[in-house]
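**Q** Provided below for reference: sequence and predicted model.
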Amino acid sequence: MAELFVESGVQQRTAEVQCSAGQLPADFAEVIAAAKAPLILRGLVRHWPLTQLSLQEADTALDSAKACADYLLGFYNGRPTQIYQGAAGQRGRYFYNESRTALNYDTRLGQVDAVLTQLLDALQLPDPAAAPSVYIASNLLQSHFPGLQDSHSVQIPKAEAAFATEPDRVSPDRVSIWLGNQSLAACHYDASDNLACCVRGMRRFTLFPPDQVANLYPGPLEPTPGGQAISMVDFAAPDLTLYPNFPKALAAGQIADLAPGDALYLPSMWWHQVEAPGPFNILINHWWSSAPRYTGSGMNLLYHALLCLRDKPEHERRGWQALLNYYVFDDPQQAGAHLPAAARGVLADLDEGMARQLRAMLINRLNR
């Protein structure tokens, strides 16, 4: 299996458990809450109809792929979707142009059925990997494949929350499908927890804990392929003159190889490169978060800090770092614990109303 993928030099393998079809380990919620580390769940979605179609013996790869495409089309409602299109010979590396000022692929609106036809046609080429790269990323099942989620989802045990949670204003959980030929999503992080379920083709996740950010050399904050900064390092041929500390990231990294039917629990904020080397790949994933929806995006803090803190003198930055640790990053209760409840103001537990007041105050301050 390994010869199909980029060899990055990461040696450590992600922990794994064997699962009965559709059954997460009984202590899954406790395990992930305690470890906050990736975990492979072997065989978790092997029973899904699409996975079974992928695993069934067929006369040709085209026959197997067509069976999966036909099954998907039975649920597709015809709505257009966002499609990534790369040049022939790109072999699915969705990245930047040479100047790092634009992406190396086009994004357009199109039809899922047209993409499936494109994937099937490419399977008939002498070298399917030489076909143009095409990818549908994170397409919500509920918006484009109504009914598919009924037989292609996992009940994820989570503590009941007393508040609406991210990442979606309609539902706290999102189930998405990823379709395409050979692809390599450069190393990035996501701000939601993720259960990535491999349905067709192989998947390799190369994983790094959040504290490796500096050793991964993130690129521009905009434009980005998916909203988050990506690593500038080409794992297949790292330039150690430009990126001398990348070996430190490799030493802390993990490899998670998934076959059809396997799933990977990926905690939020872990960096991950995702490779799908086959000519027709399907992944379905679940996003969720235990964060209150009123907290909004952490990127707002980053952009605000770039504006307000980055260019201050070093001793001031260190002072603000200490204040942020005290008020935000250390025990979140400590800042108000010694104050009477009536005097805590924004140091008290936030709720939707208090969050609205904070946002209004910030807007007023930024507009001065």
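**A** Right, received. Where do you want to start? Just so we're clear, the structure is a prediction, and the values are computed from it rather than from any experiment. Numbers count the residues shown, from 1 in each chain.
**Q** how about the helices in the stretch 151-300 of the chain?
**A** 213-216, 246-252, 298-308 (DSSP state H, counting those that start in this stretch).
**Q** what is the orientation angle of the following helix or strand past the last one with helix 298-308?
**A** The C-terminal neighbour of helix 298-308 among helices and strands, as given by DSSP states H and E, is helix 314-324. Orientation of helix 314-324 against helix 298-308 (axes from the mean of the first three to the mean of the last three C-alpha atoms, to 10 degrees) gives an angle of 150 degrees.
**Q** Can I get the helix or strand following helix 314-324 in PDB? Just the C-alpha atoms.
**A** Scanning forward in sequence from helix 314-324 by DSSP H and E, the next helix or strand is helix 334-337. Extracted as PDB, the C-alpha positions of helix 334-337 are listed here (Å, rounded to 0.1, in the frame of the first residue of the first chain):
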ATOM      1  CA  GLN A 334      -9.300  32.100  36.800                       C
ATOM      2  CA  ALA A 335      -9.700  35.700  35.600                       C
ATOM      3  CA  GLY A 336     -13.100  36.200  37.200                       C
ATOM      4  CA  ALA A 337     -13.000  33.700  40.000                       C
END
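**Q** where's helix 334-337 relative to the chain centroid, distance-wise?
**A** Remark: helix 334-337 is offset 34 Å from the chain centroid, using C-alpha atoms, centre = their mean, to the nearest Å.
**Q** neighbouring contacts of whichever helix or strand comes after that helix?
**A** Per DSSP H and E, the first helix or strand lying C-terminal to helix 334-337 is helix 352-366. Applying C-beta atoms under 8 Å, 6 or more residues apart in numbering, the contact partners of helix 352-366 are 163-164, 292, 294-296, 304, 346, 348, 350. Backbone N, C-alpha and C define where each C-beta goes, glycine included.
**Q** ok, of those residues, which come out buried?
**A** 292, 294, 350 (16 or more other C-beta atoms under 10 Å).
**Q** from these, which single one is nearest A65?
**A** Ranked by distance to A65 (C-beta to C-beta), those are led by P292 at 42.4 Å.
**Q** For that closest one, report the pLDDT, please.
**A** pLDDT recorded at P292 is 83.
**Q** Extract the C-alpha trace of stretch 177-186 and format it as CSV.
**A** Only the C-alpha atoms of stretch 177-186 are listed here, as CSV (Å, rounded to 0.1, in the frame of the first residue of the first chain):
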residue,chain,number,x,y,z
ILE,A,177,-18.7,13.9,0.3
TRP,A,178,-15.4,14.2,-1.6
LEU,A,179,-15.2,13.0,-5.2
GLY,A,180,-12.4,13.0,-7.6
ASN,A,181,-9.4,11.4,-9.4
GLN,A,182,-5.9,11.4,-8.1
SER,A,183,-5.5,14.2,-5.5
LEU,A,184,-3.1,15.6,-2.9
ALA,A,185,-4.5,18.2,-0.5
ALA,A,186,-1.5,20.0,0.9
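**Q** Where in this structure is the helix or strand with the lowest mean pLDDT?
**A** In the chain, no helix or strand scores lower on mean pLDDT, DSSP states H and E than helix 28-35, which sits at a mean of 79.
**Q** Report all helices and strands that the helix or strand following it contacts.
**A** Next along the chain after helix 28-35, taking DSSP H and E as the criterion, comes strand 39-42. Helices and strands touching strand 39-42, by 3 or more C-beta pairs under 8 Å, 6 or more residues apart in numbering; DSSP states H and E, are strand 16-18, strand 263-266.
**Q** What residues sit buried inside strand 39-42?
**A** For strand 39-42, the neighbour count (16+ other C-beta under 10 Å) marks 39-41 as buried.
**Q** give me the element Q90 is part of.
**A** With DSSP H and E as criterion, Q90 is part of no helix or strand.
**Q** Near the nearest residue to it once chain neighbours are set aside, how many other residues are there?
**A** Ranked by C-beta to C-beta, 6 or more residues apart in numbering and with sequence neighbours excluded, the top spatial neighbour of Q90 is S133, at 5.0 Å. Neighbourhood size, S133 [other C-beta atoms under 10 Å]: 24.
**Q** so S133 touches R91, yeah?
**A** Yes: if you go by C-beta atoms under 8 Å, S133 and R91 touch, sitting 7.0 Å apart.
**Q** so what sits against both of the two?
**A** Overlap of the contact sets of S133 and R91 (by C-beta under 8 Å, 6+ apart) consists of Q182.
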